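In: quick one, fold the following:
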Amino acid sequence: MEQLEITVLVENVTNNPRLRAEHGLSMLVSRGEDSILFDCGDSGCFMFNANALGEDLSGVKSVVLSHNHYDHSRGFLKWMNEVSTPYTLYLSRNFFKTCYWDNEMEPGLLTPTVGPLTPQLLQQHFVKWRLVGEDTYELPDFPGAYLLSNIEYLSDFDIPDETDVTDGESGFATDRFSDEQVLAISTDKGLVVLTGCAHCGIANISEAVRRRFGTPPHALIGGTHLISADDKKIDATIKWLDHSGIEFGKFCHCTGEAAFEKMLDAGYERITCGEKIIF
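Out: Numbers count the residues shown, from 1 in each chain. Model (predicted):
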């Protein structure tokens, strides 16, 4: 199997003065001449960084958005307006939903977190886009790459964050992120799993991978949404990782400084803009 390369095009932090950082995430996944763009960040500066890094985006045939929060989807506007090479945009079947953050600092007020994409906007710009209707779907333009959604909550500590809400049948309801999709890629070492924010919880996501493929991930890469977690949840997550069968984790974006500190002490890594991971 050919070598798999994952390049972090943008995330919250950069150690490279030639690159731009922002609160967002975008990664380029490449194998041979085929590439997947996984998330597009917030402003579209992932395209600036790709150019600065000498990364060729012309081979991208699949663009995958993990969920519709602005810091993962708004950067697609720049891509949509500037890229003319053929590609397909893959969204989960529940992508177009309302979503808000229940800011505890402002009781009674909700902050919208939804990105700008709508079916009408995509159609107006003649974007070839597809809603993924299966819980596990293999990308046709990248053999061995799968989109997983509809993640079940099985862990006793990876429970829905009540500060994330969506419209329910009788008012606002806790968002269970049925729209979130992760990317799993087969390699000679095992499955490499990319997460956008892992709102569903990395333990739940990894268990979904194990159940659907019969083996735990070899690696987890991306956001973990531990930024708002307390020490108890962070400690439980690290303990779970240590006994999960996952050989290593490289985390970024919404993991949070408190979790980063503990994860580094436990032997896991923090990744920043421009880093390349090879399998």
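In: residue contacts, the residue nearest to Thr166 when sequence neighbours are not counted?
Out: Among residues not flanking Thr166 along the chain, Asp175 sits closest, at 4.3 Å (Cβ to Cβ, 6 or more residues apart in numbering). Where C-beta positions appear, they are placed from N, C-alpha and C, glycine not excepted. Contacts of Asp175 were listed using Cβ atoms under 8 Å, 6 or more residues apart in numbering, and they are 99, 160-161, 164-166, 199.
In: which members of those residues occur in helices, if any?
Out: Per DSSP state H, helices hold no members of these.
In: so can I have a markdown table of these showing neighbour count and distance to Leu264?
Out: As requested, the contacts of Asp175 are exported to a markdown table (neighbours: other Cβ atoms under 10 Å; distance: Cβ to Cβ, whole Å):
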| residue | neighbour count | distance to Leu264 |
| --- | --- | --- |
| Cys99 | 22 | 31 |
| Pro160 | 16 | 27 |
| Asp161 | 20 | 23 |
| Asp164 | 20 | 26 |
| Val165 | 20 | 32 |
| Thr166 | 19 | 33 |
| His199 | 26 | 23 |
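In: between the residues you listed, which is nearest Ser26?
Out: His199 (17.3 Å; Cβ to Cβ).
In: quick one: the closest one and Asp164 touch, right?
Out: Yes. Counting by Cβ atoms under 8 Å, Asp164 is a contact partner of His199 at 6.7 Å.
In: so for these two, which residues contact both of them?
Out: Counting by Cβ under 8 Å, 6+ apart, the residues touching both His199 and Asp164 are 175, 177.
In: ok, the residue nearest to Phe48 when sequence neighbours are not counted - contacts?
Out: Leaving out its chain neighbours, the residue that sits closest to Phe48 by Cβ to Cβ, 6+ apart is Arg20, at 5.9 Å. Going by Cβ under 8 Å, 6+ apart, Arg20 touches 10, 14, 45, 48-49, 273.
In: among the residues you listed, which ones are in helices?
Out: Per DSSP H, helices hold the following members of the contacts of Arg20: 45, 48-49.
In: can I get those residues in TSV including neighbour count and pLDDT?
Out: Putting these into TSV (neighbours: other Cβ atoms under 10 Å; pLDDT from 0 to 100) gives the following:
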residue	neighbour count	pLDDT
Cys45	22	98
Phe48	16	98
Asn49	26	98
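In: please enumerate the strands of the stretch 51-200 of the chain.
Out: In the stretch 51-200 of the chain, strands defined by DSSP state E, counting those that start in this stretch lie at 60-64, 88-92, 100-102, 110-112, 129-132, 136-138, 145-148, 164-168, 171-174, 182-187, 190-195, listed in chain order.
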